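> sequence below, structure please.
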Amino acid sequence: MPWDDPYLETCCRAALHRVVLSGDVGRPDGLKDGRCLHRMAAMRFTCQRADGRFTATPAGLARHRHEILHDRAPAAVQS
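A predicted model of the protein is given here:
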């Protein structure tokens, strides 16, 4: 992970894992990890759909692979 990547708190890493596990169904807003989901949306790791549910973005999936799955390949993605 490059030094200029935004730091994810432990709670946000866990929320990122949960949103990835939710897949296309998405993770609903209003749960305990809502603050993290909104924080990660500002970082462009998640996005909130019109129905209010959060899904992982390509950048979020890359960050998940790197931080959660410990894939040492670069986490860079095209925006």
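> in three-state terms, label residue 55 for me.
Following DSSP: H, G, I helix; E, B strand; the rest coil, residue 55 is assigned to strand.
> now it: closest residue in space, sequence neighbours ignored.
Excluding its sequence neighbours, the residue lying closest to residue 55 (CB to CB, 6 or more residues apart in numbering) is residue 26, at 4.8 Å. Heads up, the C-betas are built off the backbone N, CA and C, glycines and all.
> got a list of what the one you found touches?
19, 49, 51, 53, 54, 55 (CB atoms under 8 Å, 6 or more residues apart in numbering).
> at 10 Å instead, please
19, 37, 46, 47, 48, 49, 51, 52, 53, 54, 55, 56 (CB atoms under 10 Å, 6 or more residues apart in numbering).
> also residue 64?
13, 16, 17, 19, 20, 21, 45, 56, 71, 75.
> next: residue 16.
Counted by CB under 10 Å, 6+ apart, residue 16 has contacts 8, 27, 33, 36-37, 40, 43, 45-46, 56, 60-61, 63-64, 67-68.
> rerun that using 7 Å as the cut-off
8, 40, 45, 60, 63, 64, 68 (CB atoms under 7 Å, 6 or more residues apart in numbering).
> ok, the third one touching residue 61?
No. Taking CB atoms under 7 Å as the contact criterion, residue 45 and residue 61 are not neighbours in contact, 8.7 Å apart.
> so those two - more neighbours on which side?
Taking neighbours as other CB atoms under 10 Å, residue 45 and residue 61 compare with residue 45 leading, 27 against 17.
> can you pull out the strands in this structure?
46-48, 54-56 (DSSP state E).
> one step back: quick check: the farthest pair among the contacts of residue 64?
The span of the contacts of residue 64, defined through CB to CB, is set by 21 and 75 at 18.7 Å.
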